Structure formats: structure tokens, C-alpha cells
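K.L.:
below are the sequence and a predicted model for it; my questions follow.
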Amino acid sequence: MDPAGGCPHAANARLLAENAVAAVVLPGDVQGMAVLGHDALKEFLAHPDVAKGAGHFTALQDGGIPDGWPLKTFATVQGMTTADDADHRRLRSLVSKAFTARRVEELRPRIETVTAQLLDRLADAAAAGDGVADLRKHFALPLPMGVICELLGVDAEYQDRLHHLSNQIVATDIGPEQAMAANREMVAILATVAATRLETPGDDLTSALIAAREEDGDRLSQHELIGTLLLMIIAGHETTLNLITNAVRGLCAHRDQLGLVQSGKASWSDVVEETLRWDSPVSFFPFRYPTRDITLDGTVIPKGTPVLAGYSAAGRDKAAHGPDADLFDVTRTAATRHLSLGHGPHYCLGSPLARMEATIALEQLFTRFPELDLAVTEEELPRHRSFVGNSVQELPVRPVA
């Protein structure tokens, strides 16, 4: 895997032409595997003999993974993404209360208001920048980051720093010292947030998690609380940020598809779902581990192997999505759904919120600026330096009414 990331689609296509499962070398010469085919990934994500807990990661348990390994946080953070069975159900049940259909719908007016305010700021930034503004910085980032921080009761003063640290944590090309420093600072900030909410509880998820008790009287441990907050900060804004960014890129590069939506022949929800399939916000997500040797699509994945879930590859798998899988088509009616928000017991809890944020953002953006277009070519856009996140670092646009 290239630690510097970049656009994954050409490499994905080459690998998929050979098999749905591939052996990969992770940073630090760690041997792993990636599941790329749609059907194989769907089976893998729900397989009863696949675990998320790092106790099943053979190389980690054998001392083969050093401190500062850029992907170590994905394996060792304590929270839903590294819990199995009863622990996973316990943690998920506590967090799920914030993401019920009713709670998410109650957020709609606030999201609509914030979106309108951010569009004003985007217009102001463009006016100050010869008609060009970074949509990612001024719009696609502050919307989901602001929403998730409000949900968690995180003060606005921390938001920029938390985004920077999130980028460091999901990066795959940084050194051990940077990786460890980012993790330490992120944990320290979240511990401060938790301490503040413990002292002065509010109507937010952090306060609720601190107060929550299971029937047997157990609270979340401090490590579980911090791990859960870390997960929600990163997943709660990075993925939606990439989703909005990738959707705008897709629509600007395919004006005919934008026209279909603007004429009412397709919906903004259609745009969101097609973007999730066509250019998944997450390219390869770490990690799952077989608890015994398993065979997928004729390939054996040995017990204890760290496995990447190849969402960007599965989204363009022609075997599942047809010979036109590489095309961005908002009218796509194929029965096969994408897997970009997961599948099985670890399906993304925040998916209704992410879909709502992206749908509102895109509708308001192109309603106010129907002629919005990129200010540079796609080839000039700097890509994420990670094979985990899948997007660009900047999105200069000309917001034209």
C-alpha cells in the first residue's frame, strides 16, 4: 500500500482484474490483506469468524508492531470499532441513542441554518479571493465538524485543532514521532472535554455517556469513553467532509448529471448514494482479523491477519455494479447497493446523519450557486496523503450564482 495515498481507482481496477482479495504490504513491511470485491467484502464484513478486537492481531500480540506505527490507533483505540460481541453491543447501544431517526430529524433545522451561514462565508471568501474559495475549508469541513462537536458538547475553540489531529491520525505517511504526538494530543483534548462535561453536564452525548449505566451498573471506562469520543470526532466529520467534497467534484465534472438533479429528474439523495458508491469517502479501512483461516473468493486469509476493507474498490466492482461501474450516474437503479457505510454488526451508526448533512449541503450549495465550478482541473487537486481517506486536500471553486 502506498503510504502517500493518492487516487485509488486505477490500482483498484488492476487488483480487481486479478482477484477480489489481495495480499498487501502495510507501512513498516507488515503483511496484510485487502478485500476489494463487492460480494467478497459483503461476506467478509458479516462473517462470524472475523473480529475487530486487537487481541486477534497476531503481529501485534507477538510484538511485531512498534509504537508509532501509523495505523496502530485503528487497532488499539478502545471503542466500538475495536470491540466484539457483548462489548460491542454495550458500547453501540449507549451511542445509538444519539442517532435514532427522531434525534437525527430534530437536527435538520440546525443543519439547514448552519449550511446557509457557511454559504455566506463561502461567498465572502470568494469575494476576497478574486472569485475563488476553498469549498473544503469554508464549507465542507465546518458543517460536519460543527454538528458533531455540538452533539458531543465540544467547545468551538477545539474544532480546528481536532481536525488537524484527525488528519494526522488517519494519515499513513507520517513518522512514528508525529503519529504518537498526534494521538497524545488528541487524547489530552478529549480528556479535557470529558472532565468539563463531568463537572458541568449538558444536553450532549458526552454528558450522556458519562452518566450512562448498564443494567448491571457498569459505566464506560475512561479508556472506552475517550476512545468513543475519538472515533466519533474522526468518523463524524472526516467521512462527511470527504462525501460532500467528492460529490461536488463529481457534479462539476459531470454537468449533465447536475442538470438531471436541477431539472428534477434525479434527487440530491441520488447524488449522495451515487457518490458513496462511485468515490467512497473511505478507501481502505483498517482492520478486521479472521479468528481462524477463512476462504473468500478462493483466497485463504490466515488467522490473525490484519485485513483492510476496500470500500473504494467494491464501489466500482464491475462484477457487482455492471460494466459501467466507473461512470458517475445519479439515475443508477441497479439493485446492488454500495457498502461504503459498512455492512453487518459494525454498520455505520452515523449514516442517517451523514446522509442528511450531505443532502442538505449539496441542495443549498447548488441552489444558491447553480453555476459553481472548479477553479482548477481535477489533476491539479492535491490528494489525501493516506490510503484510508479518499478525497482531496483542497477544492478551489468559483461560486457563481
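P.N.:
In hand now; what should we look at?

K.L.:
any idea which helix is longest in the protein?
P.N.:
Longest helix of the chain, by residue count under DSSP state H: helix 222-253.

K.L.:
could you point out which element follows that helix?
P.N.:
helix 255-262 (DSSP states H and E).

K.L.:
check which helices and strands that next one is in contact with.
P.N.:
Packed against helix 255-262, as judged by 3 or more C-beta pairs under 8 Å, 6 or more residues apart in numbering; DSSP states H and E, are the following elements: helix 222-253, helix 268-278, helix 351-368. For glycine as for every other residue, the C-beta is placed from the backbone atoms N, C-alpha and C.

K.L.:
out of the ones you listed, which gets nearest to Asn390?
P.N.:
helix 222-253 (6.3 Å; C-beta to C-beta).

K.L.:
in contact with the residue sitting nearest the centre point of the chain, which residues?
P.N.:
The residue lying closest to the centre of the chain (C-alpha atoms, centre = their mean) is Thr239, at 3.0 Å. Applying C-beta atoms under 8 Å, 6 or more residues apart in numbering, we find Thr239 in contact with 281-282, 348, 354.

K.L.:
try 10 Å this time
P.N.:
Residues counted as contacts of Thr239 (C-beta atoms under 10 Å, 6 or more residues apart in numbering) are 144, 276, 280-282, 285, 340-341, 348, 350-351, 354, 358, 389-391.

K.L.:
what do you get for Leu308?
P.N.:
1, 22, 24, 26, 32-36, 71, 74, 283-288, 387-388.

K.L.:
go through those and flag which are in helices.
P.N.:
The members of those that map onto helices under DSSP H are Phe74.

K.L.:
and the strands in the protein?
P.N.:
Under the criterion DSSP state E, the chain contains strands at 21-26, 30-35, 50-51, 133-134, 284-290, 294-296, 299-301, 307-310, 373-374, 396-398.

K.L.:
so which bits of the longest one are buried?
P.N.:
Residues 284-290 are the ones in strand 284-290 that count as buried (16 or more other C-beta atoms under 10 Å).

K.L.:
and these as TSV, adding distance to Pro66?
P.N.:
Below are the buried residues of strand 284-290 laid out as TSV (distance: C-beta to C-beta, whole Å):
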residue	distance to Pro66
Phe284	21
Phe285	22
Pro286	16
Phe287	16
Arg288	21
Tyr289	19
Pro290	23
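
K.L.:
nearest to Leu243 among the residues you listed?
P.N.:
Distance ranking of those against Leu243, using C-beta to C-beta, places Phe285 first at 14.5 Å.

K.L.:
list the residues that contact the nearest residue to that closest one once chain neighbours are set aside.
P.N.:
Excluding the flanking residues, the one nearest Phe285 by C-beta to C-beta, 6 or more residues apart in numbering is Ala309, at 4.6 Å. When contacts are counted by C-beta under 10 Å, 6+ apart, Ala309 touches 34-36, 41, 44-45, 282-288, 339-340, 342-343, 346.

K.L.:
ok, and what's touching stretch 51-65?
P.N.:
Outside stretch 51-65, the residues that reach it (C-beta under 10 Å, 6+ apart) are 26, 28-32, 50, 69, 71-72, 74-85, 87-88, 287-291, 302-306, 345-346.

K.L.:
in that stretch, which residues are buried?
P.N.:
Applying 16+ other C-beta under 10 Å to stretch 51-65 flags 51-54, 56-60, 65 as buried.

K.L.:
stretch 291-303 too?
P.N.:
Using 16+ other C-beta under 10 Å as the test for burial, stretch 291-303 gives 291, 294, 296, 301.

K.L.:
first to last residue in that stretch, what's the distance?
P.N.:
Start-to-end span of stretch 291-303 (C-alpha to C-alpha, to the nearest Å) is 5 Å.

K.L.:
where's it relative to the chain centroid, distance-wise?
P.N.:
Centroid separation for stretch 291-303 versus its chain: 26 Å, with C-alpha atoms, centre = their mean, to the nearest Å.

K.L.:
picking that back up, now for the buried residues of stretch 291-303: which two are most distant?
P.N.:
Largest separation among those by C-beta to C-beta: Thr291 and Leu296, giving 14.3 Å.

K.L.:
pLDDT below threshold where in the stretch 1-150 of the chain?
P.N.:
Across the stretch 1-150 of the chain, nothing is flagged by pLDDT under 70.

K.L.:
please identify the buried residues of stretch 333-349?
P.N.:
In stretch 333-349, counting by 16+ other C-beta under 10 Å, buried: 336, 338-343, 346, 348-349.

K.L.:
correction: the previous question concerned stretch 163-178.
P.N.:
By 16+ other C-beta under 10 Å, the buried positions in stretch 163-178 come out as 163, 165-172, 174.

K.L.:
could you list which of the residues you listed belong to helices?
P.N.:
163, 165-170.

K.L.:
what is the nearest of these to Glu199?
P.N.:
Nearest to Glu199 among those, with distances taken as C-beta to C-beta, is Leu165, at 23.4 Å.

K.L.:
distance of Thr239 relative to Ala182?
P.N.:
To Ala182, Thr239 is 18 Å away according to C-beta to C-beta, to the nearest Å.

K.L.:
ok, His9 next?
P.N.:
Distance, His9 to Ala182, by C-beta to C-beta: 28 Å.
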